[in-house]
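**Q** A predicted structure for the sequence below; I have some questions about it.
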Amino acid sequence: MRPPTAGRMRTVTVVGASLAGLYAARELRAQGFDGRLVVVGAEPHQPYDRPPLSKGFLTGACDEGQLALSEAEERAELDAEWMLGTRARALDARGRTVVLDDGRALASDGVVIATGASARRLRGPALTGVHTLRTLDDARALRAELVHGPRRVVIVGAGFIGAETASSCVTLGHDVTVVEAAPLPLAATLGAEMASVCAGLHARGGARLVAGVGVAGLRGTARRTSEGTELHGTARGTPEGAELHGTSPNTSAPHASSSGGAVTAVELSDGRLLPADVVVVGIGAAPRTGWLAGSPLALDDGVLCDDGCVTTLPQVVAVGDVARVGGLRAEHWTSATEQPRVAVRNLLAGRTVEAARPLPYFWSDQYGSRLQFAGRRREGDTVRIVEGSPDALGEGGFLAVYEHRGRRTAVLALDRARPFMKARRGLMAAAEDRAGEYGEYARDAAREPARM
Amino acid sequence: MIPVCRLEDLPAGESVRLDTTPPVAVFNADGELFAIDDTCSHQDASLSQGWLEGCLVECPLHAASFDLRTGRPTCLPARRPVRTHQVYVEDGVVHVRLATAEEGSAA
Ligand SMILES: Cc1cc2nc3c(=O)[nH]c(=O)nc-3n(C[C@H](O)[C@H](O)[C@H](O)COP(=O)(O)OP(=O)(O)OC[C@H]3O[C@@H](n4cnc5c(N)ncnc54)[C@H](O)[C@@H]3O)c2cc1C
Ligand code: FES
């Protein structure tokens, strides 16, 4: 049924034309919005899928065509105006006008913020051979360096993208070293016990893992400056606050386009030098909120939203990697596809009538194994293996459950898709039971329209 | 015609994967047998590992759902059908007859 306010909204602008933005556009139409729908996207590409960029796309197992998130026919049915290669520069004080980088202003009755996140980089002069991996252009540039025979590849950061990239580089026959500042990669997400099991995947897969040591800087070949003096490129090892003010249209454009020297080594904080032809920096992503600096929206590691993806303004919702929903910002594919249904429902209703399903889920493919995790692990949760064995990495995998005072909080599987799915459903059902309490909240919210 | 397993080894709610090229998944959906291509048409998950509910199987990776009778996806992110194959039981043994390349697709 068409929500009553859907007719009052004449124009809805979606900012960000990727996973969450596309799903939001679909939901707007599916939920009966028949007004003007504008989708603004900074990248020149039609929406594409990012997870394969560090996996099959890098190894060559899948091509660009397979990354497409929608077909021309579907986009035609959506009847949206796609402004691709166009950045939003600002949202006005009432949240009713989206200002584009060419100065055009889009008057909007509703706004969906889906600007995602951008890769953090190392500070310092740009050197060729140094990459981040967030966009299709990043992945094209990296892949182009990996198809001319074996290279020495150093991956900075052993998070999921770092580990997947390392695994893909091993598949392509490169000599791979992964450097991680924390003593144990992924410990914050998986807990120490399971993180140490997963760290074993690197060695099993044929990559070296150097953990517990930071990166002091990058070494590069000499380059000529405009004054004609020779300089040695050195990049500092501290991450740069990615895109603080959103002034750069391509924070994640390939470093290779710079005029600096070429990278030769990664210098570690203990003085060691790791020779490198290619460096991939995988030190996390920062939500792209810079363009919202002058707006009334509350920003703090993302756009702050209530449980229903509604921001401080009822006609502005946020979804995907950029959204901090009910205090939690996820950088997971599934959140970006699930939040839009709820966000759009609340947008069209003019207030929060539904909460987003609150069970985080992600997967990661590394060294031929598939890792799946669902739930919310907390510090101090106990973990036990309920199926398989962690000693048999790659031979049937295992299923582990996390518990807090006997209550299951999260579940992790390595190559155990079926039991994982059952366990995840169990967690989802339990979370929904608890969310029954949300009914109270919704009724209060209905009586009291302005809230955060 | 490919023998799969004895009927009693595929009880209701269970599935089995055939190592053919491409691999095939055989399901016992509340007593009715179905066979479809095992690899999800979205990316690379194995549908025999999926969640069976009535005549639908949900992909274990990104939750696309397929109708076992037609191979058609009932929701995103899958947009293309998987092929269906014929299943029959002979002398208590489940068999699959693989569809040819053109057959088996409801699209
Ligand atoms: C290499 C890689 C591998 C991944 N693997 C996995 C995985 O295995 N499992 C998993 O669960 N998740 C994975 N993810 C995470 C997943 O891809 C993200 O959660 C998802 O892409 C988030 O979608 P989004 O639409 O919110 O943001 P994004 O995909 O970041 O899209 C945001 C879009 O908005 C555009 N934009 C930004 N600012 C502006 C502006 N001011 N104006 C206009 N447009 C703007 C950007 O250019 C971009 O196109 C991976 C991510 C990467 C990069
Ligand atoms: S692989 Fe099946 S839904 Fe993605």
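**A** Received it, and whenever you're ready, just let me know what you need. Ligands and ions are numbered 1, 2, ... in the order given.

**Q** break chain A down into its domains, please.
**A** Domain ranges of chain A: A:11-116+A:288-349, A:119-284, A:368-446, per automatic domain parsing.

**Q** just send these back as JSON lines, with mean pLDDT too.
**A** Shown next, in JSON lines, are these (pLDDT from 0 to 100):
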{"stretch": "domain A:11-116+A:288-349", "mean pLDDT": "97"}
{"stretch": "domain A:119-284", "mean pLDDT": "84"}
{"stretch": "domain A:368-446", "mean pLDDT": "85"}
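
**Q** can you tell me how far the most centrally placed residue in chain B sits from ligand 2?
**A** What sits nearest the mean C-alpha location of chain B, by CA atoms, centre = their mean, is B:Ile36, with 3.1 Å. Separation of B:Ile36 from ligand 2 (CB to the nearest ligand atom, to the nearest Å): 12 Å. The way it works is simple: take the backbone N, C-alpha and C, and place the C-beta from them, glycine included.

**Q** contacts only, for the residue of the stretch 301-450 of chain A found nearest ligand 1.
**A** The nearest approach of the stretch 301-450 of chain A to ligand 1 comes at A:Gly320, 2.0 Å away (CB to the nearest ligand atom). By CB atoms under 8 Å, 6 or more residues apart in numbering or on different chains, the residues touching A:Gly320 are A:16, A:18-21, A:114, A:116, A:335-336, A:339-340.

**Q** distance to A:Ala76 for those residues - can I get that in JSON lines?
**A** Below are the contacts of A:Gly320 laid out as JSON lines (distance: CB to CB, whole Å):
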{"residue": "A:Gly16", "distance to A:Ala76": "21"}
{"residue": "A:Ser18", "distance to A:Ala76": "19"}
{"residue": "A:Leu19", "distance to A:Ala76": "20"}
{"residue": "A:Ala20", "distance to A:Ala76": "21"}
{"residue": "A:Gly21", "distance to A:Ala76": "17"}
{"residue": "A:Ala114", "distance to A:Ala76": "21"}
{"residue": "A:Gly116", "distance to A:Ala76": "25"}
{"residue": "A:Ser335", "distance to A:Ala76": "28"}
{"residue": "A:Ala336", "distance to A:Ala76": "23"}
{"residue": "A:Gln339", "distance to A:Ala76": "25"}
{"residue": "A:Pro340", "distance to A:Ala76": "20"}
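
**Q** in helices, which of the residues you listed fall?
**A** A:19-21, A:335-336, A:339-340 (DSSP state H).

**Q** in those, find the pair that's most separated.
**A** Pairwise distances among those were taken by CB to CB; the largest, 13.7 Å, belongs to A:Gly21 and A:Ser335.

**Q** is it true that A:Met421 touches B:Glu53?
**A** No. The criterion here is CB atoms under 8 Å, and A:Met421 misses it with B:Glu53 at 11.3 Å.

**Q** which one of these two is surrounded by more residues?
**A** Higher neighbour count among A:Met421 and B:Glu53: A:Met421, with 22 against 12, using other CB atoms under 10 Å in any protein chain shown.

**Q** over to the residue of chain B most remote from its centre: give its phi and psi.
**A** Using CA atoms, centre = their mean, the residue of chain B lying farthest from its centre is B:Asp91. It sits 21.7 Å away. The phi/psi pair for B:Asp91 (degrees, to the nearest 10) reads phi 50, psi 40.

**Q** equivalent analysis for B:Leu18, please.
**A** Dihedral angles (degrees, to the nearest 10) for B:Leu18: phi -100, psi 130.

**Q** not counting sequence-adjacent ones, nearest residue to it?
**A** B:Val24 (4.3 Å; CB to CB, 6 or more residues apart in numbering or on different chains).

**Q** which of the domains of chain A sits most buried?
**A** domain A:11-116+A:288-349 (a mean of 21; mean count of other CB atoms under 10 Å in any protein chain shown).

**Q** run through who's touching the helix or strand where A:Ala90 lies.
**A** Here A:Ala90 sits within strand A:88-91, counting by DSSP states H and E. Residues outside strand A:88-91 that contact it (CB under 8 Å, 6+ apart): A:15, A:40, A:42, A:97-101, A:111, A:115, A:246, A:291-295, A:297, A:316.

**Q** how far off centre is that strand?
**A** 21 Å (CA atoms, centre = their mean, to the nearest Å).

**Q** that one and ligand 1 in contact?
**A** Yes. Residues of strand A:88-91 contacting ligand 1 under CB under 6 Å from any ligand atom: A:Ala88.

**Q** check which helices and strands the helix or strand harbouring A:Arg75 sits against.
**A** Using DSSP H and E, A:Arg75 sits in helix A:72-78. When contacts are defined as 3 or more CB pairs under 8 Å, 6 or more residues apart in numbering or on different chains; DSSP states H and E, helix A:72-78 packs onto helix A:19-30.

**Q** quick one: the helix it packs on near ligand 1?
**A** Yes. Helix A:19-30 comes into contact with ligand 1 (CB under 6 Å from any ligand atom), by way of A:19-21.

**Q** would you mind naming what in the stretch 251-400 of chain A lies close to chain B?
**A** A:333-334, A:337, A:363, A:370, A:372 (CB under 8 Å from any CB of the partner chain).

**Q** on that earlier part again, need the ones in helices among the contacts of A:Gly320 in TSV (columns: distance to A:Gly214).
**A** TSV is the format used below for those (distance: CB to CB, whole Å):
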residue	distance to A:Gly214
A:Leu19	32
A:Ala20	33
A:Gly21	35
A:Ser335	30
A:Ala336	31
A:Gln339	34
A:Pro340	38
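
**Q** show me where the stretch 51-200 of chain A has helices.
**A** A:56-59, A:72-78, A:136-146, A:160-171, A:187-205 (DSSP state H, counting those that start in this stretch).

**Q** the ones you listed into JSON lines, with extra columns for distance to A:Thr409?
**A** Putting the helices of the stretch 51-200 of chain A into JSON lines (distance: least, CB to CB, whole Å) gives the following:
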{"stretch": "helix A:56-59", "distance to A:Thr409": "32"}
{"stretch": "helix A:72-78", "distance to A:Thr409": "38"}
{"stretch": "helix A:136-146", "distance to A:Thr409": "34"}
{"stretch": "helix A:160-171", "distance to A:Thr409": "20"}
{"stretch": "helix A:187-205", "distance to A:Thr409": "10"}
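
**Q** returning to that earlier point: which single one of the ones in helices among the contacts of A:Gly320 is nearest to A:Ala356?
**A** Closest to A:Ala356, out of all of the ones in helices among the contacts of A:Gly320 and judged by CB to CB, is A:Gln339, at 5.0 Å.

**Q** what about stretch A:189-203, near ligand 1?
**A** No. Against ligand 1, stretch A:189-203 shows no contacts by CB under 6 Å from any ligand atom, the least distance being 11.8 Å.

**Q** ok, the residue of chain A found nearest chain B - contacts?
**A** Here chain A gets closest to chain B at one residue, A:Ala417, 3.9 Å apart by CB to the nearest CB. By CB under 8 Å, 6+ apart, A:Ala417 lies in contact with A:370, A:372, B:45-46, B:49, B:60-61.

**Q** could you find the closest non-adjacent residue to A:Arg272?
**A** In space, A:Arg272 is closest to A:Val213, 7.5 Å off (CB to CB, 6+ apart).
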